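**Student:** Could you look at this predicted model? Sequence included:
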Amino acid sequence: MSQELKNRIVKDDEIDMILLLKTIWEGRKTILKITVVFMMIGLFVAVFSEKEYTASTTFVPQTNETKVGGSLGGLAAMAGISLGGVSGGSEIAPALYPQIINSIPFQRELLDSPLTIEGQAKKISFRAYYRDVYKPSVFANIKKHTIGLPGLLIQFIKGLPVKTTGNSIENTGLLFVSEEESELIKRLTAQFSLEVNEDDGYLTVTARMPEAIASAELAFNAEELLQQYVIDFKIKKSKEQLAFIVERYDEVEKKFKDIQLKIADFDDKNKFTTNAKSKIEAQSMRDEYDLVYGVFNELAKQLETQYIKVTENTPVFTVLKPVTVPLKKSKPNRISILIIWILLGVFTGVGGVFGNIILQNLKEKWVES
């Protein structure tokens, strides 16, 4: 490529750039007007957007997979209790934790968790707050009836949902979620989230609310509830076995005490009797006593073993980052909103100027043709 051709290309580029800047300068009033309009919209959005506070907590679920041994096993053996291979039962993988928080029973309990709301004499639930107390912001109402208008029209066309009360369908055990509760659950899932780090094995619970204390309480309640669900699942089998042993233990204990009283009563009545019949009856009661005592003693050992097993199977959660009440709101970031709308106005204004020129050129060509 010759130097003359290169100079010509550079010159053409300079002409195009100058023409571009000249076009923008000539349309500066239009650009400024559009930018001011967008700036006012951005200012309105920034001022009237709903406040939001974010609180979070991070914890690590820890389980004991080792068998009971060492000093604990030795002490148990000395007491005549055989621990055998007591070890953890079924585990819940961290990846399955989101399935727990997405379950209807969990969400219902979280909906009913108490929160501190400004202006309320006592704590109220998430459900009661958004049903009876919460008032959406001006911008939220405008957004609902503009951007959200198609959704409202679709809902109107479909018609009102069938109103049904109750948490389950009678005699079937199936859960029923009303329209009102469904909307509350949607709001809850939008304001509460769980992040699982499978590589490092920790979980982060995040909650967002219009008030700082309420956001911290929602995160704390979610953490406590999630941990309780995991604990209940982990020790369910052990607790069922414990309940069975306790029931049998109580039955045999009553029988053991009855046979003790029976022997004592017999001995009092036959203190000076030495006939063969009384001896046979006494021996029969002693044999029954020994049998019941053996069963009672074995159940007592099993009961102690099962108590230890339940304790062993109970997961431990280490909190890495406890919940703290946020001091600053996370939304809205008014400066960022204003800058974004101003930039959007500038780009729209420039686009409008060039769009107007393109439209005029098309009209001229249309007339000429």
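**Tutor:** On my side now, so go ahead.
**Student:** any chance you could map the strands in the stretch 151-300 of the chain?
**Tutor:** 192-197, 202-209 (DSSP state E, counting those that start in this stretch).
**Student:** In this structure, where is pLDDT below threshold?
**Tutor:** Within the chain, the stretches with pLDDT under 70 are 1-16, 63-92, 137-173, 271-274, 369.
**Student:** pull the longest helix from the chain.
**Tutor:** In the chain, with assignment by DSSP state H, the single longest helix is helix 212-269.
**Student:** Strand 202-209 and that helix, what's the angle between them?
**Tutor:** Taking axes from the mean of the first three to the mean of the last three CA atoms, to 10 degrees, one finds that helix 212-269 is oriented at 120 degrees with respect to strand 202-209.
**Student:** elements contacting helix 212-269?
**Tutor:** When contacts are defined as 3 or more CB pairs under 8 Å, 6 or more residues apart in numbering; DSSP states H and E, helix 212-269 packs onto strand 53-62, helix 97-101, helix 104-111, strand 114-115, strand 192-197, strand 202-209, helix 276-313. (Glycine included, C-beta is placed from N, CA and C.)
**Student:** Now mean neighbour count too, for these, in CSV please.
**Tutor:** Converted to CSV, the helices and strands packed on helix 212-269 look like this (neighbours: other CB atoms under 10 Å):
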stretch, mean neighbour count
strand 53-62, 18
helix 97-101, 16
helix 104-111, 17
strand 114-115, 18
strand 192-197, 16
strand 202-209, 22
helix 276-313, 15
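**Student:** For the residue nearest the centre of the chain, which non-adjacent residue is closest in space?
**Tutor:** In the chain, the centroid-proximal residue (CA atoms, centre = their mean) is I101; its distance is 4.5 Å. Once flanking residues are discounted, I101 sits nearest to L194: 5.3 Å by CB to CB, 6 or more residues apart in numbering.
**Student:** which residues does the one you found bridge with?
**Tutor:** V205 (DSSP bridges).
**Student:** Let me see the domain layout of this protein.
**Tutor:** Taking automatic domain parsing as the criterion, the chain consists of the domains 1-49+332-369, 50-331.
**Student:** chain center to the shortest one, what's the gap?
**Tutor:** If you compare the mean C-alpha spot of domain 1-49+332-369 with that of the full chain, they lie 46 Å apart, counting by CA atoms, centre = their mean, to the nearest Å.
**Student:** can you check the last one too?
**Tutor:** In terms of CA atoms, centre = their mean, the gap separating the centre of domain 50-331 from the centre of its chain is 14 Å.
**Student:** Reformat the strands of the stretch 151-300 of the chain as CSV; add distance to S113.
**Tutor:** Formatted as CSV, the strands of the stretch 151-300 of the chain follow (distance: least, CB to CB, whole Å):
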stretch, distance to S113
strand 192-197, 10
strand 202-209, 10
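**Student:** and I337, which of these is closest to it?
**Tutor:** Judged by CB to CB, the one of these that comes nearest to I337 is strand 202-209, at 17.3 Å.
**Student:** Give the other helices and strands that that closest one contacts.
**Tutor:** Looks like strand 202-209 contacts strand 53-62, helix 179-191, strand 192-197, helix 212-269 (3+ CB pairs under 8 Å, 6+ apart).
**Student:** Tabulate the ones you listed (a markdown table), appending distance to L110.
**Tutor:** A markdown table is the format used below for the helices and strands packed on strand 202-209 (distance: least, CB to CB, whole Å):
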| stretch | distance to L110 |
| --- | --- |
| strand 53-62 | 14 |
| helix 179-191 | 6 |
| strand 192-197 | 7 |
| helix 212-269 | 6 |
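**Student:** which other helices and strands contact the one helix or strand I358 maps to?
**Tutor:** Using DSSP states H and E, I358 falls within helix 334-368. Other helices and strands packing on helix 334-368, by 3+ CB pairs under 8 Å, 6+ apart, are helix 3-26, helix 28-48.
**Student:** which other residues reach the last one?
**Tutor:** This means helix 28-48. With contacts defined as CB atoms under 8 Å, 6 or more residues apart in numbering, helix 28-48 is touched by 24, 137-139, 332, 334-335, 337-338, 340-342, 344-346, 348-350, 352-353, 356.
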